[in-house]
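A.B. asks: For reference, the sequence and a predicted model appear below.
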2 protein chains.
Amino acid sequence: MNVHLDPFDPFDRDFESIEAIADTISQILQCPVTIEDSNHRLLAYSTHAPDTDPVRIATIIGRRVPEHVISMLWREGIIEQIMGSQVPVIIEPIDSIGLNRRIAVAIRHHQDILGYIWVMDEHQGIDEQGLDDLNKASHAARGKLLQVQTQRRRREEQSFEFFWGMLTGSMDSEHRIVDRAHQLGITLPKSYRIMIIEFDTLLNEKLYEQVLYTIHTAQRHRKVLHVRQEQRLLVLIDATDEDMDGHIAAWMLLMERMQQRFGVKPIHLTSGLSYSLYMDVVKSYQEAITVMNMKKHLPEEMRHLHRYEELGWYRFLPTMMQERRARPMKHLSLSKLKEYDKEHQSGLVSTLSIFLQADCNVKRAAEMLHIHSNTLMYRLKRITDIGGIDLNDMEQKISLYLELKMDQWQS
Amino acid sequence: MNVHLDPFDPFDRDFESIEAIADTISQILQCPVTIEDSNHRLLAYSTHAPDTDPVRIATIIGRRVPEHVISMLWREGIIEQIMGSQVPVIIEPIDSIGLNRRIAVAIRHHQDILGYIWVMDEHQGIDEQGLDDLNKASHAARGKLLQVQTQRRRREEQSFEFFWGMLTGSMDSEHRIVDRAHQLGITLPKSYRIMIIEFDTLLNEKLYEQVLYTIHTAQRHRKVLHVRQEQRLLVLIDATDEDMDGHIAAWMLLMERMQQRFGVKPIHLTSGLSYSLYMDVVKSYQEAITVMNMKKHLPEEMRHLHRYEELGWYRFLPTMMQERRARPMKHLSLSKLKEYDKEHQSGLVSTLSIFLQADCNVKRAAEMLHIHSNTLMYRLKRITDIGGIDLNDMEQKISLYLELKMDQWQS
DNA sequence: ATCCGCTTTGTGAAATTACACAAGGCGGAT
DNA sequence: ATCCGCCTTGTGTAATTTCACAAAGCGGAT
């Protein structure tokens, strides 16, 4: 049912806009068309569409492809197929999400994917010639998308600079920050936090793109600003609603997805406190860093914690460590035990540590150590004898506990 | 047996030195003579002494009156008698300390006592005329002693300035400090500490003199430098031997004596760590201040502690408080308990505090609280319910313990 | 007065824990 | 090989702790 009869290439001309390209494709193929950027954000869609499916409606309304659709397309391997193919790909309908039959082609520039053209082809009216036209259209769209991309890149550069300025505390006043945000067209939330996502490898250009792709396609989270730093991604997120537990959980899920799709593995995810003054970005950032360090030094204790406010008394550890470094004083009892341990390979210190962690419950501690409780009793007696420790004295136990935690941090 | 026959006053002339005065008195009275300053330090003694007692020998050898002699003289009220009397005072022999009969007169300038003249009068050979001569001698000595005093005052001024410079960290290098000490004739010990003695009243000129008198007459302690500051006396003491426990104990005793003699009551006595570099005076001073603050905020816990190294984990408290003030985050469980306490006047928080201090031993804590142990059990159940606290979790208990200590500090 | 929730104290049974003692393993020194 | 100090495990008993329940006091509300 195609209506082009002459060998003349309808896409060999300058289009004034991406919308014009979409409309042209739609006219030629007589099908609804949408054009997206690389993050599945809507760039243009054909008007006068004869009929359209729920997914297309949702995409146009939300100005991006719905998250669950992207998820499904990934799960079915369709996105990878499109990204890997130089020619249009036919996608069979997926009724469960209301997706009709369509044809998709990637818009590329060398290796990079700039976006996608989607054509709804419910009645399978597109023939070989149509696919060829679509291919030509994708070439024609490249120029326009490159423009969009460079524009976005420029804006991103500026936002990076702005964000770094806040992170390093080099912005000198609150209203300067707000003004600058306004200038850049960034709407700052009432309340925010700084979040750090650390990966197991250096975030090179490609990985970075992939990470951002994952984040961008999940519209659930409002990520206002972000910047990359070696193995880390620093993000300023909206903290206005303050269902932070759910918030973090959602991000964790996102990280999981990232690993599934690209094999990029975020190892840690931490966040500072929430603030409303943007002069406090430095503070929130420092807090996130503190949590990050804590996770590295005390992985066991920090296993399920991500936010600074969850640290409990551990938030005092860094400053305590500082104090200890400034005035190194060895704990008399502990150093005696350590000495004994060194001479007799006898793990009294670790026994003590676990005993304390088990709330001084002999039974529990013995189980944790996989030893008989009388063995533990014996060791405890040795500990009290050698170290001159009274295990019925809270003061001493606190002292030991803190000291042990600090030792653990340093090792 | 006196040998002056003419009414001519032998003390109505200029003496070239204090020794000359001592010799002149000795010649006239035919007795051994010693002249001391107000702190019982030897200034001069007559030569050609016919006979002399153990105390005099010890005084001359040690260049000061032995401590136990001064103690005895105070105990017998003799020093006070001499200080209060305008005329020579006869002191009967005290055999237990080897003190023969002697006559003493204070050298005074207006109200101030500049020193003392002591005359050994074993054979009671001094008559009215002799006492009168002694009086005249004391007037004659005044000028010389004033010279000595002003000299000492000048040197003290300089040492104050020097010490303050170190305390405030305004000395810029180690060798500058050592040079300056050399210049002032101060021999700095290899290792030192800063000690703070705080009194219950402002240290006015008079009290200050009395305090110094007590310290000076106790030669046991080597006090190198000192300076007064409102209610405090700051002292740099020799820490080379490092029998600090005994050292502090001795100072405590000294303080006791001070109270007995003058009613000046030192309330706190604290010391920083010992250092050997004199650039570290600031540190030791800061540490002493820290201990002082600690004693004020947590008197119970610090009752028997004086030195920074005895603080144990408490040395982290100030920096923890700082952190807490920087980021005020209320402890969820504790604030619930506090709220409940406020509504029901039910001391759950204090119960918890004591329970923790009693090492979570129900029996012990119940005794401390003067309640039945089941009452405590009941309250503990309420605490776990209301505060959502698991009292079998060391982490939580540590958190609570630290938080409670910080609360206590702030209140 | 009466009720009700909160608290304290007392009692006794059940569970847990501490402790003394015995037996044996392990490794280094003689 | 033998001894010895150090460590581990097992057993049984004594002591302690925990817990459920009863009784009753107290203060505020109805």
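C.D. replies: Right, received. Where do you want to start?
A.B. asks: In the helix or strand in which A:D179 is found, which residues are buried?
C.D. replies: Assigning secondary structure by DSSP states H and E places A:D179 in helix A:174-183. Counting neighbours by 16 or more other C-beta atoms under 10 Å in any protein chain shown, one finds that the buried residues in helix A:174-183 are A:I177, A:R180, A:A181. Yep, even glycine has a C-beta here, placed from its N, CA and C like the rest.
A.B. asks: Quick check: nearest residue in space to the last one, chain neighbours excluded?
C.D. replies: Here the nearest residue to A:A181 in space, its sequence neighbours aside, is A:L188; by C-beta to C-beta, 6 or more residues apart in numbering or on different chains that works out to 5.0 Å.
A.B. asks: For that neighbour, give me the pLDDT.
C.D. replies: pLDDT, A:L188: 91.
A.B. asks: I'd like the distance from it to A:V224, if you could.
C.D. replies: Distance of A:L188 to A:V224, given as C-beta to C-beta, to the nearest Å: 7 Å.
A.B. asks: Kindly report the same for A:S399.
C.D. replies: 44 Å.
A.B. asks: Mind checking which of these two has more residues around it?
C.D. replies: More crowded of A:S399 and A:V224, by other C-beta atoms under 10 Å in any protein chain shown: A:S399, with 20 against 16.
A.B. asks: Quick check: the more buried one is in a helix.
C.D. replies: Yes - the assignment for A:S399 is a helix, going by DSSP: H, G, I helix; E, B strand; the rest coil.
A.B. asks: ok, back up a step: what's around the residue nearest to A:A181, how many residues?
C.D. replies: 18.
A.B. asks: returning to that earlier point: ok, of the buried residues of helix A:174-183, which one's closest to B:S159?
C.D. replies: A:I177 (53.9 Å; C-beta to C-beta).
A.B. asks: Let's see the pLDDT reported for the closest residue to chain B within the stretch 1-150 of chain A.
C.D. replies: Nearest residue of the stretch 1-150 of chain A to chain B: A:E67, at 33.9 Å (C-beta to the nearest C-beta). pLDDT, A:E67: 81.
A.B. asks: Just the strands from chain A, written as ranges.
C.D. replies: In chain A, the strands defined using DSSP state E lie at A:33-37, A:42-45, A:89-91, A:102-109, A:112-120, A:192-199, A:223-229, A:232-238, A:266-271.
A.B. asks: counting contacts, what elements does the longest one pack onto?
C.D. replies: Using 3 or more C-beta pairs under 8 Å, 6 or more residues apart in numbering or on different chains; DSSP states H and E as the contact criterion, the elements in contact with strand A:112-120 are helix A:18-29, strand A:33-37, strand A:102-109, helix A:128-167.
A.B. asks: Distance from the chain centre to stretch A:14-32, please.
C.D. replies: Stretch A:14-32 has its C-alpha centroid displaced from the chain centroid by 35 Å (C-alpha atoms, centre = their mean, to the nearest Å).
A.B. asks: For it, what does the pLDDT average out to?
C.D. replies: 83.
A.B. asks: now what about it, what contacts it?
C.D. replies: In this structure, residues lying in contact with stretch A:14-32 by C-beta atoms under 8 Å, 6 or more residues apart in numbering or on different chains are A:1-4, A:10-11, A:33-35, A:43-52, A:56, A:117, A:119-122, A:125-126, A:130, A:133-134, A:137, A:140-141, A:144-145, A:148.
A.B. asks: likewise stretch A:144-160?
C.D. replies: Contacts with stretch A:144-160, where a contact means C-beta under 8 Å, 6+ apart, come from A:15, A:17-18, A:21, A:37, A:43, A:107, A:109, A:114-115, A:184-186, A:225, A:227.
A.B. asks: of those, buried ones?
C.D. replies: Using 16+ other C-beta under 10 Å, the buried members of these are A:F15, A:I18, A:I21, A:D37, A:L43, A:I107, A:L114, A:G115, A:I186, A:L225, A:V227.
A.B. asks: ok, which pair from those residues is furthest apart?
C.D. replies: A:F15 and A:V227 (34.0 Å).
A.B. asks: Return the residues in contact with the residue located most distally from the centre of chain A.
C.D. replies: Relative to the centre of chain A, and counting by C-alpha atoms, centre = their mean, the farthest-placed residue is A:D385 at 51.6 Å. Residues counted as contacts of A:D385 (C-beta under 8 Å, 6+ apart): none.
A.B. asks: Next one, pLDDT for it please.
C.D. replies: Confidence score, pLDDT, at A:D385: 89.
A.B. asks: And for the one 4 residues further on?
C.D. replies: At A:I389, the pLDDT value in this model is 92.
A.B. asks: and the residue lying closest to it once chain neighbours are set aside, how many neighbours?
C.D. replies: Using C-beta to C-beta, 6+ apart and skipping the chain neighbours, the partner closest in space to A:I389 is A:S333 (4.9 Å). For A:S333, the neighbour count with other C-beta under 10 Å is 20.
A.B. asks: Can you name the residues of chain A that neighbour DNA strand C?
C.D. replies: A:N361, A:V362, A:K363, A:N374, A:M377 (C-beta under 7 Å from any atom of the strand).
A.B. asks: what about 10 Å?
C.D. replies: Proximity of chain A to DNA strand C, by C-beta under 10 Å from any atom of the strand, involves residues A:344-345, A:359-366, A:372-378, A:380-381, A:384, A:391-392.
A.B. asks: And the residue in the stretch 101-250 of chain A that DNA strand C sits nearest to, how far from chain B?
C.D. replies: Nearest residue of the stretch 101-250 of chain A to DNA strand C, counting by C-beta to the nearest atom of the strand: A:D245, 29.3 Å away. Between A:D245 and chain B the computed distance is 14 Å (C-beta to the nearest C-beta, to the nearest Å).
A.B. asks: Give me the local confidence score for that residue.
C.D. replies: A:D245 is given a pLDDT of 72.
A.B. asks: In ChimeraX, select just the buried ones from the residues of chain A next to DNA strand C.
C.D. replies: Listed next is the ChimeraX selection for buried residues among the residues of chain A next to DNA strand C, using 16+ other C-beta under 10 Å:
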select /A:359,360,364,365,366,376,380,391
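A.B. asks: and DNA strand D, which of the residues of chain A next to DNA strand C contact it?
C.D. replies: The subset of those within reach of DNA strand D, by C-beta under 10 Å from any atom of the strand, is A:344-345, A:361, A:366, A:372-378, A:381, A:392.
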